[in-house]
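# Dropping the sequence and predicted coords here.
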Amino acid sequence: MHNQVCSEIVAEVKASSPIRTSLYEREGSMWGSLKRPSLRREDEIFPCTFKAIRKRLGIPQPSDISHHISMIDECRSDDSTLCHEMLTTFGFTQDQMHRAAERFHLGRSKSGKTIYWMIDDIGRCLDGHIGDAWVSTMLKARYPDLAHYIIAQHCLFGLHQISMINFDSNFGSISREATPKSIGIVESERSAVLLSELCPDLLWLAYSYGSNCTVDKFEPLQGHKITLYPHTDPNMESYISFLELADQVHRTYRTIDITVSHFLEDNATDDQKQRNIDLLEFMLEK
């Protein structure tokens, strides 16, 4: 049943076309071209380690550590809650689980929770999501004297996959992983990870929380074909808000081919809409 739903999703993406007309009558408005922030030195950005903090405060490195291991590498694990779910609940094979965990650089907290790292399109680790908390917030609470030096930004979860595609394509690679894919964007990081194996014909990203899904977050996706998959609700409020967002994105970045999927609106039952299910939940309930 998963394969059937995936086939329908892929067919919808192939049949869709970019927004060519505005939802608004006025042209232009405030949605001017947004410029990408200039790159800063690695030690000026919230890094994967405390290296920058130590350097700025003049704290000497421990004598028994010859080099820094990034937080991502230290926490990388296939023993987190989600990895266990993949095997026991979703029926993934070991290879599928390892592939998904490696694809998104999943980590594990001391309590076993999954760490979803936000890595941008040039490979910078901006922050990490653990349950309902952010790594940057946790670090600031734990080290209040260093809070000023912990700079956190957010991007679309899974954005680092875009750079991998572009890098391989620039060097003429013809491997399957290097072939540019259409992009699907959902809300939950968990959904993006699972859908990457359940429906691998699309490259999956997540916006993580509503206020993170803003026009500027789409700037690195110029030149790509994107389909937004909002969760469903009884009054189509989410669907309509994403139509407006897609229009704004297309106005700002004309090379982005962006559409909003009506798959859930067409196929979800009234009960499912009352429960505000997302694409993954719909697939699992089929």
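Perfect, I can see it now. A quick note: this is a predicted structure, and the numbers were derived from the prediction, not measured. Numbers count the residues shown, from 1 in each chain.
# Strands of the protein, start to end?
Assigned by DSSP state E, the strands in the chain fall at 107-108, 114-119, 125-130, 133-134, 182-186, 202-206, 225-228, 257-260.
# So for residue 3, which of these sits nearest?
Set against residue 3 and scored by CB to CB, the strands of the chain come closest in strand 202-206, at 13.8 Å. Where you see a C-beta, it was placed from the backbone N, CA and C, and this is true even at glycine.
# So in this structure, which helix runs the longest?
Using DSSP state H to define each element, the chain has its longest helix at helix 237-252.
# got any ranges where the stretch 101-250 of the chain has weak pLDDT?
Low-confidence segments of the stretch 101-250 of the chain (pLDDT under 70): 164-180.
# quick revisit: switch the strands of the chain over to JSON lines; also include mean neighbour count.
JSON lines is the format used below for the strands of the chain (neighbours: other CB atoms under 10 Å):
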{"stretch": "strand 107-108", "mean neighbour count": "21"}
{"stretch": "strand 114-119", "mean neighbour count": "24"}
{"stretch": "strand 125-130", "mean neighbour count": "21"}
{"stretch": "strand 133-134", "mean neighbour count": "15"}
{"stretch": "strand 182-186", "mean neighbour count": "24"}
{"stretch": "strand 202-206", "mean neighbour count": "25"}
{"stretch": "strand 225-228", "mean neighbour count": "22"}
{"stretch": "strand 257-260", "mean neighbour count": "22"}
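# Now tabulate these in TSV and tack on distance to residue 145.
Below are the strands of the chain laid out as TSV (distance: least, CB to CB, whole Å):
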stretch	distance to residue 145
strand 107-108	25
strand 114-119	24
strand 125-130	20
strand 133-134	19
strand 182-186	38
strand 202-206	33
strand 225-228	41
strand 257-260	44
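# Can you check which of those gets nearest to residue 277?
Using CB to CB, those put strand 182-186 closest to residue 277, at 11.5 Å.
# So what touches the closest one?
Contacts to strand 182-186, defined as CB atoms under 8 Å, 6 or more residues apart in numbering, come from residues 9, 13-14, 156, 162, 192, 195, 199, 201-207, 213, 221, 224-229, 278-280.
# again, 7 Å this time
By CB atoms under 7 Å, 6 or more residues apart in numbering, the surrounding residues in contact with strand 182-186 are 13, 156, 192, 195, 202-207, 221, 224-229, 278-279.
# okay, the angle between it and helix 237-252?
140 degrees (axes from the mean of the first three to the mean of the last three CA atoms, to 10 degrees).
# Tell me how far strand 182-186 lies from the chain's centre.
Strand 182-186 sits 9 Å away from the centroid of its parent chain (CA atoms, centre = their mean, to the nearest Å).
# Extract the CA atoms of it and return them as PDB.
Extracted as PDB, the C-alpha positions of strand 182-186 are listed here (Å, rounded to 0.1, in the frame of the first residue of the first chain):
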ATOM      1  CA  SER A 182      12.100  16.700  -7.000                       C
ATOM      2  CA  ILE A 183      11.900  17.900  -3.400                       C
ATOM      3  CA  GLY A 184       9.100  17.200  -1.000                       C
ATOM      4  CA  ILE A 185       8.700  19.400   2.100                       C
ATOM      5  CA  VAL A 186       6.700  18.300   5.200                       C
END
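# Tell me which strands that strand pairs with, and in which orientation.
strand 202-206 (parallel), strand 225-228 (parallel) (DSSP bridges).
# just the helices in this protein please.
According to DSSP H, the helices that the chain contains are 2-15, 51-57, 71-75, 81-88, 94-103, 135-142, 160-170, 189-198, 237-252, 263-267, 270-274, 279-285.
# any idea how far residue 184 lies from residue 132?
24 Å (CB to CB, to the nearest Å).
# which residues sit in contact with the residue most central in space within the chain?
With distances taken as CA atoms, centre = their mean, the residue of the chain nearest its centroid is residue 157 (2.0 Å). Contact analysis of residue 157 by CB under 7 Å, 6+ apart lists 116, 118, 189, 192, 205-206, 208.
# Same check on residue 104?
The neighbourhood of residue 104, defined by CB under 7 Å, 6+ apart, consists of 158, 193.
# 7 is where my numbering starts, stick with that
With 7 as the first residue, the last one maps to residue 110.
# follow-up on the earlier one: and the strands of the chain: which comes nearest residue 79?
strand 113-114 (9.1 Å).
# picking up where we left off before, I'd like the strands paired with strand 188-192 written out as a markdown table, with distance to residue 249 added.
Shown next, in a markdown table, are the strands paired with strand 188-192 (distance: least, CB to CB, whole Å):
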| stretch | distance to residue 249 |
| --- | --- |
| strand 208-212 | 19 |
| strand 231-234 | 9 |
